[in-house]
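Student: Sequence first, predicted model second:
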Amino acid sequence: LIPPGHLPVTGIHSMPPRSCPGATYRESISLGAVPHSAEEVWQILLKLAVQWLATAYHPLKRNCLNFCSEFATALAVQDVPSWVGRLALAADILLS
């Protein structure tokens, strides 16, 4: 919960590609050309920032992969391939 008088903190933050601490990278995947200007992409990110609060993060149900999928949809590019999230989906099913 967010204490009274405090603003919610977005869970979105920038990182250089392939540099998230603790992550293991298999490969980079092109989702296609972005049909938006840099300014339009920032506007999309600002809209998503209020929907993706740090307090709503869940490692299996609402994580960076879920954000990437929603961001890809907003950018009008291909979705993240389904195999990328297979492990999290399997873990969620087993733990539910």
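Tutor: Received, thanks. What you see is a predicted model; the values in this text were computed from it and never measured.
Student: rest of the way, CA atoms for contacts and neighbours
Tutor: Will do.
Student: Compute the number of surrounding residues for the nearest residue to Tyr57 once chain neighbours are set aside.
Tutor: Once flanking residues are discounted, Tyr57 sits nearest to Asn63: 5.9 Å by CA to CA, 6 or more residues apart in numbering. With neighbours defined by other CA atoms under 10 Å, the count for Asn63 comes to 16.
Student: gap between Asn63 and Glu40?
Tutor: Distance, Asn63 to Glu40, by CA to CA, to the nearest Å: 24 Å.
Student: sec struct for the residue positioned nearest the centre of the chain, please.
Tutor: Residue closest to the average C-alpha location in the chain (CA atoms, centre = their mean): Phe67, at 2.3 Å. The three-state label given to Phe67 by DSSP: H, G, I helix; E, B strand; the rest coil is helix.
Student: Dump the helix or strand of the chain with the lowest mean pLDDT to CSV, keeping only the CA atoms.
Tutor: Using mean pLDDT, DSSP states H and E, helix 86-95 stands out as the lowest-scoring helix or strand of the chain, at a mean of 84. Listed next in CSV are the C-alpha coordinates belonging to helix 86-95 (Å, rounded to 0.1, in the frame of the first residue of the first chain):
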residue,chain,number,x,y,z
ARG,A,86,6.8,-20.3,-20.8
LEU,A,87,8.8,-20.9,-17.5
ALA,A,88,6.9,-18.2,-15.6
LEU,A,89,3.6,-19.5,-17.0
ALA,A,90,4.4,-23.1,-15.9
ALA,A,91,5.5,-21.9,-12.5
ASP,A,92,2.3,-19.9,-12.1
ILE,A,93,0.2,-23.0,-13.0
LEU,A,94,2.1,-25.2,-10.6
LEU,A,95,1.8,-22.7,-7.7
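Student: Understood, closing this out.
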